[in-house]
Each structure stands twice: as C-alpha cells, then as structure tokens.
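Peer 1: quick one, fold the following:
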Amino acid sequence: EEIVFLGNHMNQLSEKLEKTISELKTANNELQRDIEQKEKRDQMRKEFLSNVSHELKTPIALVQGYAEGLKERINAESRDFYCEVIMDEASKMNKLVKNLLTLNELEFGNEVVTMERFDLTAMLHNMLQSMKILFEQKEVRLVFDQKEPVYAWANEFKMEQVLTNYISNALNHVEGEKVIKITIQKEPNHVR
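Peer 2: A predicted model of the protein is given here:
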C-alpha cells in the first residue's frame with residue numbers, strides 16, 4: 001500500500017511539474033513574442049523617422065532656395081511664383097508633421113489610406129515646376145513631355161511623397177550628361 005501511495009504521489013507531482021513546465025513555456029513564448037513585437041515597433045519607428053527626415057529634405061531645400069531668391073530682390077512676377085512655391089512646400093511639410101503625429105497608428109498598422117482619383121500629369125507638372133530651382137542649381141536638363149491628363153486611383157499625398165523621393169534621388173545621383181527623363185506609361189489596369 002505504501003508503494004502504491006508513493007507511486008500515486010509521484011504521479012501527482014509529475015503531473016504538477018509537467019503542468020508548471022508547460023505554463024512556463026507558454027509564458028516564455030508570450031514574452032518572446034512581446035520582445036519581438038517591441039523590436040519590430042522600434043524598427044518601424046526608426047524607419048519612419050528616417051523616411052520623414054528624408055521627406056523633409058526636399059521641401060526645406062526648396063523653401064531655402066526660393067527664400068534666398070526673394071532676399072535677392074527678384075522681379076515682381078518671380079516673387080509671386082517664389083512665394084507660391086514656399087507656401088506649397090510649407091504645406092507639404094505641415095502634412096509630414098501631421099504624419100509624425102500619427103506615428104502610433106503606423107506602429108500598430110491602423111493607418112487608413114484614402115484612395116482618390118487625381119491627374120498624375122498635373123501633379124508631376126506642379127512638382128517639377130516647384131523643383132525647377134533644384135534642377136537649375138545642379139545644371140540638370142529635365143525631360144517631361146506628358147501633356148494629356150493621366151488619371152490614377154491612389155492616395156495623392158503619399159504618391160507625391162514617393163515621386164518626390166524618386167526625383168530627389170535622381171537629382172542626387174545624376175551624372176554624365178545630367179539629363180533626367182520622366183515618363184508616364186498607361187497600362188491596362190495601372191499607370192507606370
């Protein structure tokens with residue numbers, strides 16, 4: 001009887017030990033997941049801040065360039081254009097700062113992307129017009145011959161950010177003949 005009693009007791013201890021080990025493994029797995037999520041959020045935060053600082057470089061350079069042009073007392077026609085570019089770029093920077101304020105939403109994937117139909121040609125013409133001073137400073141010849149409207153469904157602000165990035169990168173890395181050519185291709189279900 002004592003051996004049976006001892007055997008039952010050892011079985012109960014073994015079951016409790018197995019249950020405790022299982023709970024510890026579960027807690028350890030949860031802790032590991034929490035650590036991985038924290039690391040992922042930290043990485044996303046770093047990438048986001050890096051992207052925002054990269055996005056701010058071009059508007060700041062444009063504002064600075066056009067403000068210097070105003071300081072040099074350019075003619076009245078150009079002054080109005082320069083002021084418009086400065087106001088437009090300041091508006092873009094304001095939107096970027098608002099995006100910074102929604103960092104928390106980005107971290108948890110709760111950002112809502114608003115899709116809208118807009119004219120990509122008009123957007124590019126406006127962007128390139130405001131960036132004209134950067135092309136002149138780098139002595140780069142721009143080729144963009146698109147005249148007719150090309151409509152796309154996307155988030156217009158985010159699309160402008162992406163295109164600004166591409167053009168800024170092209171300006172930073174252009175070599176040789178210093179020509180940047182921008183084209184729009186209509187595909188059956190998308191625009192390239």
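Peer 1: dump the residue contacts of residue 119.
Peer 2: Counting by C-beta atoms under 8 Å, 6 or more residues apart in numbering, residue 119 touches 149, 150, 151. Every C-beta, even on glycine, is put in place using the N, C-alpha and C of the backbone.
Peer 1: could you give the bridge partners of it?
Peer 2: When assigned by DSSP bridges, residue 119 has beta-bridge partners residue 151.
Peer 1: pLDDT score assigned to it?
Peer 2: We have a pLDDT of 95 for residue 119.
Peer 1: then residue 149?
Peer 2: 93.
Peer 1: just to revisit the earlier point, most neighbours out of the contacts of residue 119, which is it?
Peer 2: Tallying neighbours with other C-beta atoms under 10 Å puts residue 150 at the head of the contacts of residue 119, with 16 neighbours.
Peer 1: so how far is residue 1 from that residue?
Peer 2: Distance, residue 150 to residue 1, using C-beta to C-beta, to the nearest Å: 91 Å.
Peer 1: what of residue 42?
Peer 2: Distance from residue 42 to residue 1, by C-beta to C-beta: 61 Å.
Peer 1: same question, residue 134
Peer 2: 94 Å.
Peer 1: comparing those two, which residue is more hemmed in?
Peer 2: A count of neighbours by other C-beta under 10 Å puts residue 134 above the other of residue 134 and residue 1, at 19 against 5.
Peer 1: wait, the more buried one sits on residue 62?
Peer 2: Yes. Look at residue 134 against residue 62 with C-beta atoms under 8 Å: they come within range, at 6.8 Å.
Peer 1: show me what the helix or strand hosting residue 64 is packed up against.
Peer 2: Here residue 64 sits within helix 2-71, counting by DSSP states H and E. Under the contact definition 3 or more C-beta pairs under 8 Å, 6 or more residues apart in numbering; DSSP states H and E, helix 2-71 sits against helix 76-101, helix 103-107, helix 132-137, helix 156-173.
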